[in-house]
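Engineer: Build the 3D model from these lines:
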Amino acid sequence: MNEKQFSPARWARITGALYLVTGFTAPFSLFYVPSQTVVRGDAAATAVKMLANESLYRAGLVVGVISTITFLVVAVMLYRLFKPVDNHLARLMVIGVALQIPIDFVLDTFGIASLMILKGEALKELAL
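Structural biologist: Purely as a prediction, here's the structure:
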C-alpha cells in the first residue's frame, strides 16, 4: 500500500495496538517467568527450577524475543508520528531503542546457552 493512504490517526491506532501487545507480552517474560524459575542467591536451586519449568522458560525466551521485535517496530512507527513535531528527539528515541535491541538479544542468547549447559547439550556439541 502507498504510505500516503494512511492518515496519522490510523498510524497512531496501529502503533497503539502494537504498543499494547508489547505491554502484555513483556511482563510475562520479564516478571512472571523469572518469578517461577529464579531463586535469589541460590544458583543450584535456580538450575533445578529452570529444568523443572523448562517449557515455561523457553516460552519466556520466545515471548521476550517477540516483545523486543515488536518494541522496535513500535519505535519506528512512533518516529514516523513524532518526526513532524521534533525530528531530532524522534531520532534519539529510535537510537535509544536500537541500542537496546542487541543487548536484549545477547541476554536471550545467554538464557538459551544456560539451558543448554544445564541439559548437557553444550558438552555434546563440543565433543563432536
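
Engineer: Can you list the low-confidence ranges for the chain?
Structural biologist: For the chain, the stretches with pLDDT under 70 are 1-4, 122-123, 125-128.

Engineer: now the helices for it?
Structural biologist: 8-27, 33-37, 43-52, 54-82, 87-119, 121-127 (DSSP state H).

Engineer: Find the residue at the geometric middle of this structure.
Structural biologist: Nearest to the geometric centre of the chain sits residue 68, at 3.0 Å (Cα atoms, centre = their mean).

Engineer: Could you check how far that residue is from residue 98?
Structural biologist: Distance, residue 68 to residue 98, using Cβ to Cβ, to the nearest Å: 11 Å. Using the backbone N, CA and C atoms, a C-beta is placed for each residue, glycine as well.

Engineer: so what's in contact with the two at the same time?
Structural biologist: Shared contacts of residue 68 and residue 98 (Cβ atoms under 8 Å, 6 or more residues apart in numbering): none.

Engineer: I'd like to know how many residues surround residue 71.
Structural biologist: A count of neighbours around residue 71, defined by other Cβ atoms under 10 Å, yields 21.

Engineer: likewise residue 35?
Structural biologist: 8.

Engineer: Against residue 56, how distant is it?
Structural biologist: 10 Å.

Engineer: Next: residue 62.
Structural biologist: Counting by Cβ to Cβ - residue 62 and residue 56 are separated by 11 Å.

Engineer: picking that back up, for the residue nearest to the centre of the chain, give me its contacts.
Structural biologist: Contacts of residue 68 by Cβ under 8 Å, 6+ apart are 101, 104, 105, 108.

Engineer: what's the answer for residue 43, then?
Structural biologist: Applying Cβ under 8 Å, 6+ apart, no residues contact residue 43.

Engineer: ok, residue 105 touching residue 65?
Structural biologist: Yes: contact criterion Cβ atoms under 8 Å: residue 105 and residue 65 qualify, at 7.5 Å.

Engineer: Just list the residues touching residue 93, thanks.
Structural biologist: Per Cβ under 8 Å, 6+ apart, neighbours of residue 93: 75, 78, 79, 82.

Engineer: quick revisit: go through the helices of the chain and pick out the most buried.
Structural biologist: Highest mean neighbour count among those (mean count of other Cβ atoms under 10 Å): helix 54-82, with a mean of 17.
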